[in-house]
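Novice: the sequence isn't on hand, but the structure is:
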């Protein structure tokens, strides 16, 4: 919010600015109009006094309208008309006195009824003031409601993103603890201890990062390397990882924990199911105004016609799709295809948004 917006955010100050500015405008318009009738210079004083009287007389209307704000629409309209007309009558008398006493050198009309001359024009101006008051007041209410709705929507959006992000930790944690349990059962205590140590580092990194904020691709790769070190303890030489990350995209902002479910799927379906193990390739490069991130393996691949994206049945891939949709709307792509010559490749395209000093752009 700009300084000007903050300054006008104060409704009390905003009223006095509009109120005073409106009556100053009234004085200016009547002063310019006086040139058409070749009025004497003393008429300027009459106009200023009339403007000051209007400024003072409309103030009670403000406090009246505050009190009747919650009344039924018909009652509100009738009350506004009556009060505007009464104020207009008083203002008309004052304006005529100013004109006769100052411009006409103390002229007195033959009948008291002449003091109310031009009351209809006065009523039009006062009623216009009332209309502007209600119009601006309703506009402010709508803006407040709009801001509240946007704030509630933003909070719900953030809560949804947090839920999706935190959903990954139990999923990954279950798999890792299950592996550690297996290692302990087969007396591989040293290996199990290594996994516990690396798991501690991974979870510390994961929990220290706000799930709402994005991280740089470089940070994301660091945490995925921690994850892969854990899996390396399980699979040893059966797991090979190739990183192909272009320097130009290292500082690009990506959703935190974006790659972990993809890598976990490749390990589950390509590495764990093969006695010889396999290779996982992780690449990222600029693609026009976007960033293209790919995770590929050399497993047995999949027949998409029969299985309908079999890897999307778990938590991981649907989670990624929902997070990408929540963060980028329709400005992203998420594709799964067979890798060449074998295996599966997942491609993600997101907008190129570069970090500035570690913060979101």
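Specialist: It's in. The shown structure was predicted, so the numbers you read here are calculated from the model rather than taken from an experiment. Numbering: from 1, shown residues only.
Novice: residue 65 and residue 130 touch, don't they?
Specialist: Yes: counting by C-beta atoms under 8 Å, residue 65 does reach residue 130; the two are 7.3 Å apart. The C-beta positions use only the backbone N, C-alpha and C, and glycine is treated the same way.
Novice: what sits in contact with each of those two?
Specialist: Counting by C-beta atoms under 8 Å, 6 or more residues apart in numbering, the shared contacts of residue 65 and residue 130 are residue 80.
Novice: helix, strand or coil for residue 335?
Specialist: Using DSSP: H, G, I helix; E, B strand; the rest coil as the criterion, the local structure at residue 335 reads strand.
Novice: isn't residue 103 right up against residue 43?
Specialist: Yes: using C-beta under 8 Å, residue 103 is in contact with residue 43, at 5.8 Å.
Novice: care to break this structure down by domain?
Specialist: Domain assignment for the chain by automatic domain parsing gives 3-117, 156-351.
Novice: export the ones you listed to TSV and tack on distance to residue 141 and mean neighbour count?
Specialist: Shown next, in TSV, are the domains of the chain (distance: least, C-beta to C-beta, whole Å; neighbours: other C-beta atoms under 10 Å):
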stretch	distance to residue 141	mean neighbour count
domain 3-117	10	14
domain 156-351	22	17
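Novice: so which of those domains comes closest to residue 143?
Specialist: domain 3-117 (10.3 Å; C-beta to C-beta).
Novice: the closest one: how far from the chain's middle?
Specialist: Its chain's average C-alpha position is 42 Å from that of domain 3-117, according to C-alpha atoms, centre = their mean, to the nearest Å.
Novice: stretch 213-226 now?
Specialist: Chain-centre distance of stretch 213-226: 25 Å, with C-alpha atoms, centre = their mean.
Novice: so what touches it?
Specialist: Under the contact criterion C-beta under 8 Å, 6+ apart, stretch 213-226 has outside partners 198, 201-202, 205-206, 209, 243, 245, 249-260, 263, 282, 284, 291, 293, 327, 353, 355, 358, 360.
Novice: what of stretch 66-86?
Specialist: Contacts to stretch 66-86, defined as C-beta under 8 Å, 6+ apart, come from residues 61, 64-65, 123, 126-127, 129-130, 134, 137.
Novice: can you add mean pLDDT and give the domains of the chain back as a markdown table?
Specialist: Listed next are the domains of the chain as a markdown table, based on pLDDT from 0 to 100:
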| stretch | mean pLDDT |
| --- | --- |
| domain 3-117 | 86 |
| domain 156-351 | 79 |
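Novice: residue 146 is nearest to which of those domains?
Specialist: domain 3-117 (14.3 Å).
Novice: distance of the residue of the chain most remote from its centre relative to residue 219?
Specialist: Largest separation from the mean C-alpha position in the chain: residue 110, at 67.0 Å (C-alpha atoms, centre = their mean). Remark: distance between residue 110 and residue 219 (C-beta to C-beta, to the nearest Å) = 90 Å.
Novice: repeat for residue 337
Specialist: Using C-beta to C-beta, we find residue 337 at a distance of 28 Å from residue 219.
Novice: torsion angles phi and psi at residue 121?
Specialist: The phi and psi torsions at residue 121 (degrees, to the nearest 10) take the values phi -60, psi -40.
Novice: tell me the SS of residue 350?
Specialist: Per three-state DSSP, the secondary structure class of residue 350 is strand.
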